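Engineer: A predicted structure for the sequence below; I have some questions about it.
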Amino acid sequence: MSDAVTSDESPPIETDGLTKYYGDVRGLEGLSIAVERGEIFGFLGPNGAGKSTAIRVLLGLLKPTDGEARLLGHDVTDRTELREAKRHLGYLPSDVTFYDRVTGEAVLDYVGQLRGDERRAELLERFPVPIDRNVKAYSSGNKQKLAIVATFMHDPELVIMDEPTSGLDPLVQNEFYDLLDEHQQQGGTSFFSSHILSEVRRVCDRVGIIRKGRLIELDTVDNILEAGGTVVTVRLEENPPASALEFPGTAHVERQDETYRLVLAQEFDALIDRLHEYTVRDLTVREASIEDVFMHFYGESEEDDREREAQSESDS
């Protein structure tokens, strides 16, 4: 790992009320997070949720409308400070582009002159690309692998990635996940946006879930799954409204015809008490997936968002 620039107290990424508007259109609002040193932090949300806007502000590519952001202890709105932070930063964008008429080797030579390339040979063995060919002839997968090598070959302290496994086949994805694990074991910090829920569960310590530019959940993957740890599907003889099956411990209830789907923390006694009021025709129980939890958050309304924000403020 290259010489660190952060102090022991300074988070590698820290934002306070970070906001970005495009005219009257909200791209990001009130984002306050602190990414801990040595963690893999997932920034989760569908396309258009505000993930890329947040990353571009962090990298100094967009000027924030309001709020503050720091990378490795440096203010991202100060060009001198940002330049110092970027010496120890790796960035992997979602839309990888290179000059088409140069070889992969020339790309890596150029990046290496700017930031260093002590891990270049090792990474090319793990993510092989035809470096003697022009990038124009590369497949999307080879372009992504070239970008991975360029991002990690100077052994950065902090890596920021936007949909990093786009275009990679499953075997290469697994190799990439191993690289993130090794980077963490060596003390490095990773921050990446994704809408691929399986990879978030595979590699992340904590996740922030963003919706319409606002952070709506911030916790460990395990805690988020535990909060909605069970999915119950039940068919009833009667037709009560979905709200009739809500009780303390339920994260979400939805109804389709005679079938009800409940996401709940394992409150089985309360579930049995509630179902005792009805005639059960069929019932199945399974462990919740992160997809179930994700859909719970994205099934909420704007009013639910405001209530969540108000509750968070009252708890702080």
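Structural biologist: Received, thanks.
Engineer: what about the strands in this protein?
Structural biologist: Under the criterion DSSP state E, the chain contains strands at 13-22, 25-35, 40-44, 66-71, 74-75, 89-92, 158-162, 189-194, 206-211, 214-220, 230-236, 250-256, 259-264, 280-287.
Engineer: lowest average pLDDT across these?
Structural biologist: Averaged per stretch, pLDDT over these is lowest on strand 250-256, reaching a mean of 84.
Engineer: can you point out the buried residues in that one?
Structural biologist: Using 16 or more other Cβ atoms under 10 Å as the test for burial, strand 250-256 gives 250-253, 255. The C-beta positions use only the backbone N, C-alpha and C, and glycine is treated the same way.
Engineer: who does that strand touch, helix- and strand-wise?
Structural biologist: With contacts taken as 3 or more Cβ pairs under 8 Å, 6 or more residues apart in numbering; DSSP states H and E, strand 250-256 sits against strand 259-264, helix 290-298.
Engineer: among the buried residues of strand 250-256, which two are most distant?
Structural biologist: By the measure Cβ to Cβ, Ala251 and Arg255 form the most distant pair in these, at 15.3 Å.
Engineer: which residue ranges form the helices in the stretch 51-200 of the chain?
Structural biologist: 51-58, 79-86, 104-115, 120-126, 140-152, 170-185, 197-203 (DSSP state H, counting those that start in this stretch).
Engineer: and the residue nearest to Thr19 when sequence neighbours are not counted, how far from Ala121?
Structural biologist: Residue nearest to Thr19 in three dimensions, not counting chain neighbours: Asp66, with 4.1 Å by Cβ to Cβ, 6 or more residues apart in numbering. Distance from Asp66 to Ala121, counting by Cβ to Cβ, to the nearest Å: 45 Å.
Engineer: how many neighbours does the residue nearest to Thr19 have?
Structural biologist: When neighbours are counted by other Cβ atoms under 10 Å, Asp66 registers 12.
Engineer: from here on, count from 32
Structural biologist: Sure, I'll start numbering at 32, so the last one becomes Asp97.
Engineer: tell me the contacts of it?
Structural biologist: Residues in contact with Asp97 (Cβ atoms under 8 Å, 6 or more residues apart in numbering) are 48-50.
Engineer: can you add distance to Cys235 and neighbour count and give these back as TSV?
Structural biologist: Putting the contacts of Asp97 into TSV (distance: Cβ to Cβ, whole Å; neighbours: other Cβ atoms under 10 Å) gives the following:
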residue	distance to Cys235	neighbour count
Gly48	24	13
Leu49	20	24
Thr50	25	17
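Engineer: can you list those residues in JSON lines and add distance to Leu113?
Structural biologist: What follows is the contacts of Asp97, written out as JSON lines (distance: Cβ to Cβ, whole Å):
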{"residue": "Gly48", "distance to Leu113": "19"}
{"residue": "Leu49", "distance to Leu113": "15"}
{"residue": "Thr50", "distance to Leu113": "19"}
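Engineer: quick check, nearest of those residues to Asp140?
Structural biologist: Nearest to Asp140 among the contacts of Asp97, with distances taken as Cβ to Cβ, is Leu49, at 35.6 Å.
Engineer: quick check: closest non-adjacent residue to the spatially most central residue of the chain.
Structural biologist: With distances taken as Cα atoms, centre = their mean, Phe74 lies nearest the centre of the chain, 2.3 Å away. Here the nearest residue to Phe74 in space, its sequence neighbours aside, is Ser224; by Cβ to Cβ, 6+ apart that works out to 4.2 Å.
Engineer: repeat that for Pro195.
Structural biologist: Spatially, and ignoring its direct neighbours in sequence, Pro195 is nearest to Leu123 (5.0 Å; Cβ to Cβ, 6+ apart).
Engineer: does that neighbour touch Thr196 like I think?
Structural biologist: No. Here Leu123 lies out of contact with Thr196, judged by Cβ atoms under 8 Å, at a distance of 9.8 Å.
Engineer: just to revisit the earlier point, what's the burial count for the residue nearest to Pro195?
Structural biologist: When neighbours are defined as other Cβ under 10 Å, Leu123 has 22 of them.
Engineer: buried ones in stretch 46-66?
Structural biologist: Here stretch 46-66 shows 46, 49-51, 57-60, 62, 64, 66 as buried, counting by 16+ other Cβ under 10 Å.
Engineer: so what's the residue nearest to the centre of the chain up against?
Structural biologist: Contacts of Phe74 by Cβ under 8 Å, 6+ apart are 82, 85-86, 222-225, 238-239, 241.
Engineer: and for Leu90?
Structural biologist: Leu90 touches 107, 122, 191, counting by Cβ under 8 Å, 6+ apart.
Engineer: quick one: which of those residues is the most crowded by neighbours?
Structural biologist: Ile191 (27 neighbours).
Engineer: thought that residue was touching Leu120?
Structural biologist: Yes. Counting by Cβ under 8 Å, Ile191 touches Leu120, with 6.8 Å between them.
Engineer: where are the low-confidence patches of the chain?
Structural biologist: Under the criterion pLDDT under 70, the flagged ranges of the chain are 32-39, 257-260, 297-298, 319-328, 330-347.
Engineer: cool, thanks, signing off.
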